[in-house]
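> when you get a sec, could you give me coordinates for this:
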Amino acid sequence: MSIFTNRLKISFNIDAIKQDFVFIRLERQQNGKWYGARELDYLIGKDFNASAVMFQYGRYAYAMFKKPLDVYQLRSKIMEEFKDDAVIEVTPKAILASSEDCICEEWLAQILLNSLSSSRSRFAKYHYCNLTGSLLLVRDFEGKNKDYIDVAKNTLKKGYLLEIKTARHRTKISILTELKNTVDNKRKQELKNALDKPNYIFEASTGSLRRHLPRDGEIDAKTIYIECGLKGKKASTPFLDFGSIDNFYKSSAGVSHHIMVSIHEHLSKYMDVNFCCREIDDNLPLTSTLLKSPKQLHSKLDGQAIHIVDRVNDEESAYLVMTLKQLLLPYITDENLITVGKRDKRDALNFRIIHDADFYEKMGQEDEYLPSTNEFRRQHLTIESSINVSDAIVKTIIKEQLIKRDISSRTLNLFDWAKLELKGVWTFAAWDEERNHVIFMEIQPNGNFEFYEIEDRGIFNWEKFDKYKDAMIDSSSGDKSRTLEGLVISDRGDINQIFRSDEITIPELSKIEAIINEVETEFPENKRSGKALAGLIQEFMAESSRKDNEELVRFFDELEILGSNELDKKSFKKLLNERLGRSSNISSELRNYLLNKHHIRLIFSKQKENLEDLFDASLNIKYFGETEKEAYYFVGDQNVKDYSFKDACHLRKIVAVNDSKLIFRQLLQTMDVDFVRTGQSTVIPFPFKYIREYKNFGVAK
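Modelled structure (predicted):
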């Protein structure tokens with residue numbers, strides 16, 4: 001079993017690169033003046049057509065030019081603005097082997113990647129260069145100008161990691177209009193800062209943004225795009241959407257696939273690029289379903305008092321109380337356990353209805369928010385955000401309360417710790433960013449646990465905990481390691497670090513694209529009429545021994561009546577589902593028959609075998625790459641929902657500290673829980689969720 005990741009495996013053909021390109025390096029800091037994108041636009045975009053520019057790294061900018069090129073003339077022109085030694089020709093190299101001036105490794109790959117959005121027109125008047133310093137792909141322009149577009153910014157990070165981030169760009173007129181109408185001074189400054197950013201034009205021929213060049217003439221505020229967000233709205237793109245080919249190409253994974261195809265089509269002469277492949281050592285299926293149905297929570301809530309506290313006391317809050325009570329009833333065994341009042345109850349699960357913080361600040365009133373304590377478990381719902389409370393919200397607040405109840409009792413009730421068969425006390429350590437210290441959670445073999453805080457020098461044997469703090473600090477900066485998510489310490493003192501990486505898993509994108517295209521491809525010309533389709537149904541009935549099936553016979557007759565009238569796939573599928581049932585066995589058999597016998601694919605099958613083949617890199621818990629001191633894992637989804645994956649699966653790196661052994665493999669089951677992220681598994685062991693909740697606990701009140 002193996003998976004792909006976004007780490008690229010690149011082999012350069014340096015001879016071919018040298019044969020076709022010249023590279024110039026510019027040092028942008030001269031005489032106290034910073035030379036950036038605008039200067040590069042003027043120097044390179046005005047008189048010379050660079051194939052691409054790369055300047056997101058450090059103080060240097062690099063420009064790539066196609067040969068033939070008068071390098072002397074180019075350097076002479078540019079050096080009018082730079083010192084002599086600030087503009088030099090550099091050599092392309094696959095690997096940096098010395099201190100010589102060159103462009104190599106990720107930098108070389110990035111500038112070649114950027115050239116994908118340069119003009120490939122045969123006509124000189126349509127030529128332009130990519131001066132963006134990045135590859136900015138627009139996947140949803142629809143052939144007309146919009147007030148804003150979401151752009152996929154593609155960069156190569158250290159280690160050849162392909163990173164795709166969504167950056168919202170708005171028309172200049174849209175930004176100017178908001179600036180004119182806003183009264184918020186902070187927002188005004190944000191918009192003014194945005195207007196100082198580079199101006200872009202959408203280039204339909206390459207589906208990308210390019211810098212506005214002097215030759216483009218006057219700036220049209222309606223067609224110029226500038227990176228700027230909409231107030232209160234965050235740009236986001238699903239990692240993978242395979243509901244349609246358009247949605248696929250707009251998703252981040254689809255952009256990755258497009259880039260790889262473009263590299264193979266336009267840059268294969270210069271570099272061979274593929275996703276890295278990793279072999280999987282262990283696959284743990286996700287089976288936890290605690291929150292899937294109300295009955296599964298009955299045992300956890302059996303006999304538990306639930307108290308709704310109305311601190312707003314108006315018509316809206318009364319309605320919310322009634323709605324909340326009705327939504328809670330399916331999860332308990334006795335409705336008398338639910339009470340309503342104005343004050344919290346000790347040892348009950350208190351659901352407090354309050355206003356949001358802005359309301360209390362505006363009214364000059366004391367905020368009604370109260371933290372949970374060991375005596376009082378509290379979960380807050382604000383009128384402003386919870387008036388349309390749903391079953392999904394109720395499930396979430398119930399599981400949050402159950403976690404708080406566990407913390408209060410210092411006993412794990414949501415997870416059977418004993419099934420791990422661990423000996424002795426195991427410890428989990430996480431950094432409290434707000435107070436800049438470490439919180440430890442010690443778990444006994446029977447599931448009882450206790451918390452300790454490193455700042456409390458009075459705790460028993462604090463030296464034992466203090467030594468673990470060193471394993472959480474970056475030795476170079478002295479601060480908490482940025483990517484460290486926590487420590488796990490075994491009963492024998494083995495310490496394993498958990499690091500979050502930027503490496504993500506990649507499903508079988510080529511296969512997925514091919515299947516979507518097959519689904520969206522229309523019937524062959526000779527199989528589009530009602531009569532022809534009826535013939536396929538008749539053939540299926542004969543070969544599957546279903547001649548006497550009444551639904552099939554009626555379906556056949558209905559198609560026969562249509563005669564020479566044609567049906568598209570959408571109409572045929574709708575009719576099939578109406579007559580035979582969308583999920584019936586006979587529908588499934590017919591669809592499989594049409595695919596296997598006539599190569600007609602009607603749907604993207606979500607059968608288990610198909611999904612495991614295509615999306616294995618996004619499902620379950622996978623553990624791999626284990627050496628004596630390191631290992632990797634990721635946590636995917638339990639199954640595929642709604643033809644999409646919202647988020648990518650990030651690889652986590654496990655490191656055994658000093659003389660410690662790798663112990664993390666014994667904890668994989670601690671991520672097969674659905675009470676950390678409602679309905680989803682957690683990406684690090686669930687005790688870290690308990691630590692996060694514990695640090696928000698307050699003193700008794």
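
> CA atoms for contacts and neighbours, from now on please.
Noted.

> name the next helix or strand following the lengthiest helix in the chain along the chain.
Of all the elements of type helix in the chain, the one with the most residues (DSSP state H) is helix 391-409. The first helix or strand that comes after helix 391-409 along the chain, using DSSP states H and E, is strand 426-432.

> give me the below-cutoff pLDDT ranges for this protein.
Scanning the chain with the threshold set as pLDDT under 70 gives 28-48, 56-58, 80-85, 119-132, 141-145, 435, 455-464, 478, 699-701.

> tell me the contacts of the closest residue to S644 other than its chain neighbours?
For S644, the nearest residue in space outside its immediate sequence neighbours is D241; the separation is 4.2 Å by Cα to Cα, 6 or more residues apart in numbering. Going by Cα atoms under 8 Å, 6 or more residues apart in numbering, D241 touches 247-248, 251, 643-645.

> also E503?
5-7, 161, 650-651.

> what about these, which are in strands?
5-7, 161, 650-651 (DSSP state E).

> can you redo those residues as CSV with distance to V255 and neighbour count?
Supplementary listing: these in CSV, determined by distance: Cα to Cα, whole Å; neighbours: other Cα atoms under 10 Å:
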residue, distance to V255, neighbour count
T5, 14, 21
N6, 12, 22
R7, 15, 23
L161, 14, 20
H650, 18, 19
L651, 20, 21
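
> show me which of those is closest to I600.
For the ones in strands among the contacts of E503, the closest approach to I600 (Cα to Cα) belongs to T5, at 31.6 Å.

> state the distance from the nearest residue to L349 once chain neighbours are set aside to S408.
Leaving out its chain neighbours, the residue that sits closest to L349 by Cα to Cα, 6+ apart is I306, at 4.8 Å. Spatial separation of I306 from S408 under the definition Cα to Cα, to the nearest Å is 16 Å.

> between the two, who's got more neighbours?
More neighbours surround I306 than the other of I306 and S408, with 23 against 18 (other Cα atoms under 10 Å).

> how about the contacts made by that one?
Under the criterion of Cα under 8 Å, 6+ apart, the neighbours of I306 are 337-339, 348-351.

> beta partners for it?
With DSSP bridges as the criterion, the beta-bridge partners of I306 are I338, L349.

> can you show me the helices along the stretch 51-200 of the chain?
When secondary structure is read from DSSP state H, counting those that start in this stretch, the stretch 51-200 of the chain shows helices at 71-78, 105-114, 172-181, 185-195.

> mind saving the C-alpha coords of the first one as PDB?
Translated: helix 71-78. Taking C-alpha atoms only, helix 71-78 is exported to PDB below (Å, rounded to 0.1, in the frame of the first residue of the first chain):
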ATOM      1  CA  VAL A  71      23.000  39.500 -22.300                       C
ATOM      2  CA  TYR A  72      25.400  42.400 -22.500                       C
ATOM      3  CA  GLN A  73      22.600  44.800 -23.600                       C
ATOM      4  CA  LEU A  74      20.300  43.500 -21.000                       C
ATOM      5  CA  ARG A  75      22.800  43.900 -18.100                       C
ATOM      6  CA  SER A  76      23.800  47.300 -19.400                       C
ATOM      7  CA  LYS A  77      20.200  48.500 -19.300                       C
ATOM      8  CA  ILE A  78      19.500  47.100 -15.900                       C
END
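
> I'd like the distance from it to the chain centre, please.
The chain centroid and the centroid of helix 71-78 are separated by 44 Å under Cα atoms, centre = their mean, to the nearest Å.

> same check on stretch 650-670?
Counting by Cα atoms, centre = their mean, stretch 650-670 is centred 23 Å from the centre of its parent chain.

> what does stretch 671-687 give?
In terms of Cα atoms, centre = their mean, the centre of stretch 671-687 is found 17 Å from the chain centre.

> and if you look at stretch 471-483?
Here the centre of stretch 471-483 is set off from its chain's centre by 25 Å, with Cα atoms, centre = their mean.

> thinking again about what came up before, dump the ones in strands among the contacts of E503 into a markdown table; add distance to E589 as well.
Written out in a markdown table, the entries for the ones in strands among the contacts of E503 read as follows (distance: Cα to Cα, whole Å):
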| residue | distance to E589 |
| --- | --- |
| T5 | 35 |
| N6 | 37 |
| R7 | 40 |
| L161 | 43 |
| H650 | 37 |
| L651 | 39 |
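
> returning to what we had before: just name the most buried of the helices of the stretch 51-200 of the chain.
helix 105-114 (a mean of 22; mean count of other Cα atoms under 10 Å).

> and the angle from the helix or strand that contains Y690 to strand 426-432?
When secondary structure is defined by DSSP H and E, Y690 falls within helix 687-694. With axes from the mean of the first three to the mean of the last three Cα atoms, to 10 degrees applied, the angle from helix 687-694 to strand 426-432 works out at 50 degrees.

> run a quick neighbour tally on G229.
Around G229 there are 20 other residues, counting by other Cα under 10 Å.

> and the gap between the closest residue to it other than its chain neighbours and K234?
Closest residue to G229 apart from its sequence neighbours, by Cα to Cα, 6+ apart: R168 at 5.5 Å. The gap separating R168 from K234 is 8 Å, by Cα to Cα.

> how about H307?
Distance from H307 to K234, counting by Cα to Cα: 36 Å.

> out of those two, which sits in the busier spot?
In terms of neighbours (other Cα under 10 Å), H307 is the more surrounded of H307 and K234; the figures are 24 against 11.

> on that earlier part again, list the buried ones in the helix holding Y690?
687-691, 694 (16 or more other Cα atoms under 10 Å).

> what lies in contact with stretch 155-164?
The list of residues contacting stretch 155-164 from outside it, by Cα under 8 Å, 6+ apart, reads 6-9, 106, 109-110, 134-135, 152-154, 252, 256, 502-503.

> and if you look at stretch 270-289?
Contacts made with stretch 270-289 from outside it, assessed by Cα under 8 Å, 6+ apart, are listed as 1-14, 16-17, 260, 263-264, 296, 620-626, 637-638, 668-669, 672-674, 679, 681.

> give me the buried subset of the residues you listed.
With burial judged by 16+ other Cα under 10 Å, the buried subset of the contacts of stretch 270-289 is 3-8, 10, 12-14, 17, 260, 263-264, 620-624, 626, 637-638, 668-669, 672-674, 679, 681.

> from those, which land in helices?
Restricting these to those inside helices, with DSSP H as the criterion, leaves 14, 17, 260, 263-264.

> among these, which pair sits farthest apart?
Within these, I14 and M260 form the most distant pair, 19.6 Å apart (Cα to Cα).
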